[in-house]
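**Student:** Let's see this in three dimensions:
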Amino acid sequence: MLDIRGVVRADRRTKNLTKRLHPGEIALIDHPDLDHVAAESLIRKKVSMVINASSSITGRYPNPGPKMLLDAGIPLLDAVGQECFSCLAEGSIIEVKGARIYQNGELVGKGTLLTPEKIKALMDQAKKNLDLELEKFVQNTLEYAIKEKDLILGGLTFPEIKTQIRGRQVLVVVRGQNYREDLLTIRSYLREVNPILIGVDGGADALLEFGYKPDLIVGDMDSVSDAALRCGAELVVHAYPDGQAPGLTRLQSMGLQAQVFPAPGTSEDIALLLAYEKGADLIVAVGTHSNMIDFLEKGRKGMASTFLVRLKVGSILVDARGVSQLYRTRMRMKYVALILAAAFIPLAVVFAVNDPSREWLRLLWIKLRIIFG
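**Tutor:** Coordinates of the predicted model:
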């Protein structure tokens, strides 16, 4: 039976919680349909277990987060209820026995301990619901595409920026699925081409994590660290179409200057548009969201803006997402043997035509025969 004791950290926003977590602690989250990025961040923090107030798999779509946690050896206690947030104080010590939560010996909550079998059953059911979800998703996308057509018809006012993009290649980084692996894979491209670097919110932290300083940070500024905002990059705040920019308040409180870009859609959409309109020769995108599952994980019911933006910038857009998957196959032993054989041939030729080398080999052979009888 599961028996884990540790310090609990709680936050209804998983991305905020991961900033405070330490290895071995217990994460209390409120995250329906636990997604890939959230699960990956929890795994990287090396938590001892995850407690979810909501259902980690609601059945809307086959979200991968719960399976990722179990594959990483992290237990997941599911659907414990919202009252746990009022019962469990930040930093308190709790004990989880089976599917029950105890604090100071008292039962304070219980849920469902997910197993691989339960996750598979829930995922199978979610896959059956995917057709209905797809139909609603397409309808929503088409409806909002009409409302957001200004994204490609020239109805937007682009901010004046100091970063000179015209004639340069641009890398746009979003903290999406496999962004770390993809950044590692394209390191040679970054060294050789030296593109303009645009971090979309937390994508700026991703660039800094790998030793690259972003030239531009674009977004609503809710998931980017203070350190990234102060790294010297030019800042562009994504505002609502009516001009409201909640992210600007944070920057002003930090004494930072920023341009404001009112536009519908997502922050990664306007980052791509900005690079395109400012004259980029090529746009390379890492970690961006481009399919229905991506958008369902973000809690969005459609992808009208992304559809429109990619329709406009597609001629110069290269999507590097998942490129690391192309290089995961291991080198076969026969290839290793062929490489070694190819390296040995020149040595064999040198020894064959060189008298001292032949004598050295003959003496080595005699010595080996003496040693091994």
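**Student:** CA atoms for contacts and neighbours, from now on please.
**Tutor:** Will do.
**Student:** tell me which residues of stretch 18-38 are tucked away?
**Tutor:** Across stretch 18-38, burial judged by 16 or more other CA atoms under 10 Å covers 18, 21-22, 24-38.
**Student:** Equivalent analysis for stretch 178-192, please.
**Tutor:** Buried, per 16+ other CA under 10 Å, within stretch 178-192: 178-183, 185, 190.
**Student:** Next, format these as JSON lines and append secondary structure, pLDDT and distance to L273.
**Tutor:** Below are the buried residues of stretch 178-192 laid out as JSON lines (DSSP: H, G, I helix; E, B strand; the rest coil; pLDDT from 0 to 100; distance: CA to CA, whole Å):
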{"residue": "N178", "secondary structure": "coil", "pLDDT": "80", "distance to L273": "23"}
{"residue": "Y179", "secondary structure": "helix", "pLDDT": "86", "distance to L273": "20"}
{"residue": "R180", "secondary structure": "helix", "pLDDT": "87", "distance to L273": "23"}
{"residue": "E181", "secondary structure": "helix", "pLDDT": "85", "distance to L273": "25"}
{"residue": "D182", "secondary structure": "helix", "pLDDT": "87", "distance to L273": "22"}
{"residue": "L183", "secondary structure": "helix", "pLDDT": "90", "distance to L273": "21"}
{"residue": "T185", "secondary structure": "helix", "pLDDT": "87", "distance to L273": "25"}
{"residue": "L190", "secondary structure": "helix", "pLDDT": "92", "distance to L273": "21"}
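**Student:** so what secondary structure elements neighbour the longest strand along the chain?
**Tutor:** Ranked by residue count under DSSP state E, the longest strand found in the chain is strand 3-10. Where contact means 3 or more CA pairs under 8 Å, 6 or more residues apart in numbering; DSSP states H and E, strand 3-10 is packed against strand 26-29, strand 93-97.
**Student:** strand partners of the longest one, parallel vs antiparallel please.
**Tutor:** Think strand 93-97. Here strand 93-97 has these sheet partners by DSSP bridges: strand 3-10 (antiparallel), strand 100-103 (antiparallel).
**Student:** so which of these gets nearest F158?
**Tutor:** Closest to F158 of these, according to CA to CA: strand 3-10, at 39.6 Å.
**Student:** Quick check: mean pLDDT of the closest one?
**Tutor:** When pLDDT is averaged over strand 3-10, the result is 94.
**Student:** okay, the following helix or strand past that strand in CSV with CA atoms only?
**Tutor:** Where DSSP states H and E defines the elements, the next helix or strand beyond strand 3-10 is helix 14-17. Taking C-alpha atoms only, helix 14-17 is exported to CSV below (Å, rounded to 0.1, in the frame of the first residue of the first chain):
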residue,chain,number,x,y,z
THR,A,14,0.5,24.4,-11.6
LYS,A,15,2.9,26.6,-13.4
ASN,A,16,3.1,28.9,-10.3
LEU,A,17,3.5,25.9,-8.0
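**Student:** Just the buried positions in helix 14-17, please.
**Tutor:** Neighbour-count burial for helix 14-17 [16+ other CA under 10 Å]: 14-15, 17.
**Student:** Pull the residues that contact that helix.
**Tutor:** 9-11, 27, 29-31, 38, 41, 223 (CA atoms under 8 Å, 6 or more residues apart in numbering).
**Student:** Report the lowest-confidence entry in the buried residues of helix 14-17.
**Tutor:** Per-residue pLDDT puts K15 lowest of the buried residues of helix 14-17, at 83.
**Student:** re the thing from before, Y61: which of the strands paired with strand 93-97 is closest?
**Tutor:** Here strand 3-10 is closest among those (CA to CA), at 25.7 Å.
**Student:** Now do the buried residues in the closest one.
**Tutor:** 4-10.
**Student:** before we move on, what about stretch 99-106?
**Tutor:** 99-103.
**Student:** roughly how far is it from the heart of the chain?
**Tutor:** 34 Å (CA atoms, centre = their mean, to the nearest Å).
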